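K.L.:
Build me a model from this:
(one chain, ligands or ions: 1)
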Amino acid sequence: MWPKTRWETGSDHPLLKSDLDLLCAPDGTSALTVVPAPMAPSPELWTLAAHVAPALAPLPRRAPESVAAGVTAGPARAARPDPAQHWLGTAAGIRYPVLAGIPLLLSGYAHDAAGPLGVTAGSSRRELDHYSAVSLRLAADVADDQTLAGLRALATVAERSGTLLDETWVDAPYDGPAQLRCYEFLRPMVRGGTAVQIGGSGTHALKFLLAGAARAVIVSPVVGELLLADAFARALGLADRLLPVAGTGEHLPLAAGSVDVLYCGGTLHHLDTARAGRQFARVLTAGGRFAAAEPWKVPLLHAAGTRLLGKPEPVDCQPIDAARLGALRGAFGGRVDDHRHGAFTRYPALALGRAGLRLPARTLLRVMLREDALELPGSALGSSLSLTGCQAPSPLAAEVGLPHARATAGRAADSTETAGDLPAVSVSGERGQR
Ligand SMILES: C[S@@+](CC[C@H](N)C(=O)[O-])C[C@H]1O[C@@H](n2cnc3c(N)ncnc32)[C@H](O)[C@@H]1O
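P.N.:
Numbers count the residues shown, from 1 in each chain. Okay, the predicted model is just below:
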């Protein structure tokens, strides 16, 4: 058995119903319902099932041996049990698997009734493999995990003091002031709202739940990260309110006007910012907010820093620069404010960290906040960036008094706006090997 999830209880389950209302296909427009499995699930799905099986070991689940055996030496594919628990499908007949409770709303997993459509997803394999390996290792045993311990401490803070999303809640080691500015901007929208984290292993989504969000979604293309998020959520008793979804920020599988709060913690710079900006505008409610704490590409300094210190991870991302920020602004359509942080402190702290001299996180945050407060000349050269954006309130919502404008007019406008962004998923698309 895979871990028991809301998806197992059938389509009349209230949580499943509300999850389905929140989700959509990666085209950004097509609603999803539970549909029968295709005749032949894609080989990649079997591979993924085998890959994630060890991370599910501490949980009740289907025996990993049987999954692994199915991949390497199993009987003919048609005779194997389906690795997915459920399938979600669009009215046009495109189907996506739900694996280990996680809807895989990535174009690479799109099927029709017969089998995989063979669409390639376009993400960097090297990058996905790196984050997958790291997160699966952590997901296999979260009991003594430091991040989980930190989240537990915040649960107590939230319960006892009610001070939410302040300095205590900041965890970015070198981007603390940027994260704090983002959290403070998002805070008024969190309580009772729907909060989404783009990329990563769900710690921000979980914090938004601890801070009073009604439900949260973590969208990442890395299934291991989603399993890790789910493991944290289970340990914290928040699993019923956290929905882990495999998807990308450029093809957000979330319904138009469904999100109050959206946060990228060091992930926006991995994305095509123009596509992401259009998606943020589409999914946010009227008055909904997004924020991102990201590295900023300081001309010359970044190149020199990378040459001197190397890249911290074996991935190909680049910090945000003026062109990518402009693309985000243009695509979002609303107001996007940016601030730089850490001009004089971030690179030195990074260099010390690489040399094994890590300042205590709280001390570094204080020092960097002090630098922010001084507003020194040259502080615009800071290599840490905070971005905040707000979706314009819809006049229609004000007219009818809707707190959240999940308005039909908004949906219609959005669906034409995103048309240029559609991943190449179509029934007539080129097929992969069956
Ligand atoms: C440097 S890590 C940031 C980790 C993060 N701070 C966390 O909370 O775990 C970069 C992240 O970018 C995310 N990412 C990469 N490409 C993405 C995409 N197209 N859409 C959404 N997230 C993406 C991955 O999930 C990865 O975790």
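
K.L.:
which parts of stretch 230-248 are buried?
P.N.:
230-236, 238-239, 241-248 (16 or more other Cβ atoms under 10 Å). Heads up, the C-betas are built off the backbone N, CA and C, glycines and all.

K.L.:
what's the answer for stretch 109-129, then?
P.N.:
Across stretch 109-129, burial judged by 16+ other Cβ under 10 Å covers Y109, A110, H111, D112, G115, P116, L117, G118, V119, A121, E127, L128.

K.L.:
What is the end-to-end distance of it?
P.N.:
For stretch 109-129, the first-to-last residue distance is 17 Å (Cα to Cα, to the nearest Å).

K.L.:
Run the chain-centre distance for that stretch.
P.N.:
In terms of Cα atoms, centre = their mean, to the nearest Å, the centre of stretch 109-129 is found 18 Å from the chain centre.

K.L.:
mean confidence score for that stretch?
P.N.:
On average, the pLDDT along stretch 109-129 is 86.

K.L.:
again, but for stretch 163-180
P.N.:
94.

K.L.:
Just the C-alpha atoms of it, please, in PDB.
P.N.:
Extracted C-alpha coordinates of stretch 163-180, given in PDB (Å, rounded to 0.1, in the frame of the first residue of the first chain):
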ATOM      1  CA  THR A 163       3.700  36.500  16.600                       C
ATOM      2  CA  LEU A 164       3.600  35.200  13.100                       C
ATOM      3  CA  LEU A 165       6.100  35.400  10.200                       C
ATOM      4  CA  ASP A 166       8.500  37.800  12.000                       C
ATOM      5  CA  GLU A 167      12.200  37.400  12.400                       C
ATOM      6  CA  THR A 168      11.900  34.200  14.300                       C
ATOM      7  CA  TRP A 169      10.300  32.600  11.200                       C
ATOM      8  CA  VAL A 170      13.200  33.500   8.800                       C
ATOM      9  CA  ASP A 171      15.400  30.600   7.800                       C
ATOM     10  CA  ALA A 172      17.300  31.700   4.600                       C
ATOM     11  CA  PRO A 173      20.900  31.800   5.800                       C
ATOM     12  CA  TYR A 174      22.200  34.500   3.500                       C
ATOM     13  CA  ASP A 175      18.900  36.100   2.400                       C
ATOM     14  CA  GLY A 176      17.200  36.700   5.800                       C
ATOM     15  CA  PRO A 177      16.200  40.400   5.300                       C
ATOM     16  CA  ALA A 178      14.800  39.600   1.800                       C
ATOM     17  CA  GLN A 179      12.800  36.700   3.300                       C
ATOM     18  CA  LEU A 180      11.600  38.800   6.200                       C
END
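
K.L.:
circling back to that earlier point, mind checking which of the buried residues of stretch 230-248 are in helices?
P.N.:
Taking DSSP state H as the definition of helices, the buried residues of stretch 230-248 contribute D230, A231, F232, A233, R234, A235, L236.
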